[in-house]
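Asks: give me the fold of what follows.
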Amino acid sequence: MSDISKKYVKALVSLVSVDELSEIASSIKETVPAFKDEKLKMILFSNDITSEKKVEFLSSLLTKSDEKVINLFKLLAKNGRLELIPTISSELEYEVSKLTNTHRGVVLSDKELSNEKIADIAKNLSSKFDTNIELESVKSDYNGIKVEVDTLGVEVAFSANRLKEQLKNHILKSI
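Replies: Here you go, the predicted structure:
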């Protein structure tokens, strides 16, 4: 399925400017939660509902009506490929990241991190990868700090448990 999604994304990239692509990506991303709800998925994949009604439903999820997005929905509905929308959204986000050299990621931690610390981590990663990285803090049950930037394929983790284990092993080896 991903190869088919890439073809749609490639066509969009060749047709619009980077700014338009960014707007299209954010519009399509608004519809992705509908594909996680089982009742909504039943509506989108029902044979009893016409393609026009499905497109109308997806269009109603958009905060700003965009002709190109609606035309994409019509094309996907016509070809029976509405299930590709979440994948297309991810692919578009990746393409926009590549074209703008800006990547978004998350910092997972069991403690609340200050904005200064997050900005410092983003700055250090940005200089390391020669790109602009924007990070968002997400509180989780991870014992330590984990930074994930999916569009770059980067995951950096510092685990408190792992550090304790390494210290124990080092002490035991030195005895």
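
Asks: any idea how far residue 91 lies from residue 32?
Replies: Residue 91 sits 12 Å away from residue 32 when distances are taken as C-beta to C-beta, to the nearest Å. C-betas here are computed from N, CA, C, even on glycine.

Asks: what about those two, which has more around it?
Replies: Neighbours were counted for residue 91 and for residue 32 using other C-beta atoms under 10 Å; residue 91 has more, 22 against 15.

Asks: that one and residue 9 touch, don't they?
Replies: Yes. Counting by C-beta atoms under 8 Å, residue 9 is a contact partner of residue 91 at 4.3 Å.

Asks: roughly how far is the lowest-mean-pLDDT helix or strand in the chain from the heart of the chain?
Replies: Using mean pLDDT, DSSP states H and E, the weakest-scoring helix or strand in the chain turns out to be helix 160-174, at a mean of 77. Counting by C-alpha atoms, centre = their mean, to the nearest Å, helix 160-174 is centred 36 Å from the centre of its parent chain.

Asks: only alpha carbons, please: show that helix as CSV.
Replies: C-alpha atoms of helix 160-174 as CSV (Å, rounded to 0.1, in the frame of the first residue of the first chain):
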residue,chain,number,x,y,z
ALA,A,160,18.0,5.6,34.1
ASN,A,161,17.5,1.9,34.6
ARG,A,162,20.1,1.1,31.9
LEU,A,163,22.6,3.5,33.5
LYS,A,164,22.1,1.8,36.9
GLU,A,165,22.7,-1.6,35.4
GLN,A,166,25.8,-0.4,33.6
LEU,A,167,27.1,1.1,36.8
LYS,A,168,26.5,-2.2,38.7
ASN,A,169,28.2,-4.2,36.0
HIS,A,170,31.2,-1.8,36.0
ILE,A,171,31.5,-2.0,39.8
LEU,A,172,31.2,-5.8,39.8
LYS,A,173,33.9,-6.1,37.1
SER,A,174,36.3,-3.9,39.0
